[in-house]
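Asks: here you go, sequence then predicted model.
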Amino acid sequence: MTRIPSCSPIWLTSLSYCYFNPTSFSYVKQQSLPLPLHDFIKTRRLYNAFFCQTSRQFHADPTVQSLVSAVNFCSSTPLCRKIHAQVIKSLNYRDGFIGDRLVSIYAKFGCLDDAQILFDEMPNKDLVSWNSLISGFSRRGDLGKCLSSLCRMRSDMGMAPNEVTLISTISACTNTGAVDEGNYIHGLAVKMGLLSETKVVNALINMYGKFGYLDLASQLFKAVLVPNVVSWNSVLAIQIQNGFPEDGIEVFKLMSRAGLKPDQATVVTLLQGCADLGVGKLADAIHAYIFTCGLESDIPISTALLRFYAKSGRLHASYEIFREMKNPDRIAWTAMLAGYAVHGYGRGAIEFFDLMVKKGVEPDHVTFTHLLSACSHSGLVKEGRKYFEIMSSVYKVEPRLDHYSCMVDLLGRAGLLKDAHVLIESMPMEPNSGIWGALLNACRIYGDIELGNEVAERLFALNPSDSRNYIMLSNIYSAAGQWSDASKVRLLMKERGFVSNPGCSFIEHRSKIHRFVVGDQTHPDSDKIHKKLDELIEKIHKAGYVPRTEFVLHNVDEEVKQYLINKHSEKLAIAFGLLVTDSGRPIVITKNLRICGDCHGMAKFVSLTEKRSIIIRDSKRFHHFADGLCSCGDYW
DNA sequence: TGCCTCCAAT
C-alpha cells in the first residue's frame, strides 16, 4: 500500500477541487501549488490509499461523528465539495457510508461525472454504494447508465440487486417512457421474489399508470397484501392523470373507508382532480381539511390549491393563497403566473414575472412558457419578442418546442404570418405538429389560403391521424366561401376513416355533473332548459348580438346553423344564470380577445376536447370555463 | 446513522 505523505490542508483542499474539476487545473497552478499533470494522476492513487487507510482508522478518530452529521445535512454541491475535501484532509473515511452519501449528493445536484469518479475510486463498494450511484442516474433521467450499472453490478461483481435498486431503475423507466425496459425490470422483480415488497409494486403501479396501462396497474394494486398510503396515492394519481378524475375521487373514498389517513400527496393529487373536474364543493372540503390538519403552510399543497382557484376563475382567491405563502418556490411563482396568463392578464403576468426575478427566484423553461403564452393571448408582440430573446441571453434558458410554439402563436395571431413562418424555418430542432398547428390557426384567422394549404400539407405528413388539422383546413376554405374545397377535405377525412367528435359541454350543478352535446335532448330537464334558452336567446338578440357562423357549417340552412349554435354552450351557460350583459350588450371575454363575442369560438372553447378556457363576466363577477366546465361554484 | 415508491407550475 502506498504510504500517505504529509500534506498541508490547503494542498489537499486544492487537490479535491482539482480532482472534481480537472478543467480548473489552471486555478491550482495560479495558486503556485506544485501540482503538474503527472502529479495529478499520482494523486488519484494517493486518493485510493486514503480510502483504504482511513477505513481502518475510522473508529479511532473523534471527528468522524461531525463528518457524518455534516454529510447528512449536506444540501448543495459546493458544501459537498467542502466536506469531501475535509474527508480527505482528516483521513477519516470509511468506504461506504460517507462516500455513498457523497455519491448520491453529487448525483442529486447533477454532477454525475463527479459521482461516477468518486464511486469508481471507492475500494469496497457494497450494495448501498451501487444503489447510490444507480439512484443518482435515475434521478437525472439517465436510463442507459442505470441499466448498464445494474448489469455491471450483477455480472462483474456478482451482486444481486435489492428492492431499492429495482425501485430506482423502475423510476428511470417511468420517467423516460421506456416500456420494454420497464417490463424487463418487472420480470426481474418477479424472478428475484421482490414483488412482495410493497414499495417495488408501488413503483410498478406508477410506471404502468404513467404508460396508460390502467388494467395492469390495478391488477398489481389488487395483488398488494397491505397497500400503504403511497399505493393508494399512486392509484388515485393514475386515475386523475389519465383523465378520469371522477374515478379518482371514488378511489379516494375507498381509501378513506380502508382507514388510511390522507397525506400531503393525497391532498395535492385530489386538488389536481378537482381542478380538472371543477368540483368546487369537494375542493372546499379539502380546503377545510387542510386547515384542520395545519397543512396550509405546505408549499406543494398551497400551490395545488392556488392552481385550483386559478383554474376555477377565482384569481383573487388564488392570489390570496400565494400571498399567504411564506417562501413560495419557483413552482408556486410559476403557477401564479400561469393564473394570470390563462385569465388573459398579459401585463399582469409580465409585472409578476419582473417581481419574481426581483425577489431572486430563477425562472425556468415552464415559467417562460407561461410568460410567452400570456404575451400571446394579450397580443403583446413587442414584449413577447423581448422575453423570447432574453430568456436565453440573460436567463440561460434555451428555447424549447413550447416556446417556439408560443412565439408562432403570438406572431400568427398578430397577423405576422410571414414572421411566424420565418421563425419556424430558423428553429434549431424539427418543428412539431403543435407549431405548424399554431400557424395553421393563424392562417384560419387571417384567411390565408395559400399558406394554410402549405402548412396543412406539412401537418398531414407529420400527423396524418389528427382529425383537427383536416377540420381546420376545411374551416379555412369555408370561411373563404370555397365550399367545394372544404367538402373535398371533409371527404378526405371520411375516406381516411375519421369521425369528428362533436364538442361536449358539461356543467356542475348542485354537486352533479350535466353533460350536453349539440342537438342533444336527453337531459331530463331538456324541455325546461330549451324554453329558458329561447327566452334568453331572444333577449340577447334584442341586445344586438349576432353570432358569427361563416365557418361553422356549410351547406346547411342559415336557420339550422343558428339553431345548432344557439343550442350549444354559450346559450346553455346563459340559461344557467350567467346572463352575460354589460349595459345591455353581451360581453364575452376570452383569453384570446380576437374571438370575443364569437359564438362559435365560445362553443368551441367550452368544448371538452379543446382543453381551453374562457371567462364570462356578468355584472358581479367573472365566470371561468376550463376544460369544458364552468366551475365558478357560487353563482347558482 | 448511507440507497428507495406516490404529490405541486405546459
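Replies: In hand now; what should we look at? Numbers count the residues shown, from 1 in each chain, chains lettered A, B, ... in the order given.
Asks: on the three-state scheme, A:Gly313 is what?
Replies: Three-state call for A:Gly313 (DSSP: H, G, I helix; E, B strand; the rest coil): coil.
Asks: okay, it: pLDDT?
Replies: In this model, A:Gly313 is scored at 83, pLDDT.
Asks: quick one: it and A:Val342, what's the gap?
Replies: 10 Å (Cβ to Cβ, to the nearest Å). C-betas here are computed from N, CA, C, even on glycine.
Asks: go on, A:Ile445?
Replies: Distance, A:Ile445 to A:Val342, by Cβ to Cβ: 20 Å.
Asks: if you count what's nearby, which of these two comes out ahead?
Replies: A:Val342 (24 against 16; other Cβ atoms under 10 Å).
Asks: the more buried one contacts A:Tyr309, doesn't it?
Replies: No. Contact status for A:Val342 versus A:Tyr309: not in contact, 11.8 Å apart, counting by Cβ atoms under 8 Å.
Asks: contacts made by stretch A:239-254 with the rest, please.
Replies: A:209-210, A:212, A:214, A:232, A:235-237, A:262, A:266, A:269-270, A:272-274, A:276-277, A:279, A:282, A:513 (Cβ atoms under 8 Å, 6 or more residues apart in numbering).
Asks: just those residues that are near DNA strand B?
Replies: Subset of the contacts of stretch A:239-254 in contact with DNA strand B: A:237, A:266, A:269, A:272, counting by Cβ under 7 Å from any atom of the strand.
Asks: now for those, which pair is the farthest apart?
Replies: Spatially, the most separated pair among those is A:Thr266 and A:Gln272, at 10.9 Å (Cβ to Cβ).
Asks: below-threshold pLDDT in chain A: ranges please.
Replies: A:1-80, A:82-96, A:499-520, A:540, A:543-636 (pLDDT under 70).
Asks: give me the domain ranges for it.
Replies: According to automatic domain parsing, chain A comprises the domains A:426-495, A:504-630.
Asks: first to last residue in the first one, what's the distance?
Replies: By that I understand domain A:426-495. 35 Å (Cα to Cα, to the nearest Å).
Asks: wait, A:Glu163 sits on A:Gly193?
Replies: No. When contacts are counted by Cβ under 8 Å, A:Glu163 is not listed as touching A:Gly193 (10.3 Å).
Asks: which one's more surrounded, the two?
Replies: A:Glu163 (19 against 8).
Asks: just want the phi and psi numbers for that one.
Replies: In terms of degrees, to the nearest 10, the main-chain angles of A:Glu163 are phi -60, psi -30.
Asks: mind checking how far it is from A:Ala203?
Replies: From A:Glu163 to A:Ala203 the distance is 9 Å (Cβ to Cβ).
Asks: and for A:Ala438?
Replies: Counting by Cβ to Cβ, the gap from A:Ala438 to A:Ala203 is 37 Å.
Asks: A:Lys532 too?
Replies: Taking Cβ to Cβ, one finds A:Lys532 at 52 Å from A:Ala203.
Asks: which of these two has more neighbours?
Replies: Taking neighbours as other Cβ under 10 Å, A:Lys532 and A:Ala203 compare with A:Ala203 leading, 26 against 17.
Asks: what about the more buried one, which helix or strand?
Replies: helix A:198-211 (DSSP states H and E).
Asks: check which helix or strand covers the spatially closest residue to A:Ala338 that is not a sequence neighbour.
Replies: Among residues not flanking A:Ala338 along the chain, A:His370 sits closest, at 4.5 Å (Cβ to Cβ, 6 or more residues apart in numbering). In this structure, A:His370 sits in helix A:365-377 according to DSSP H and E.
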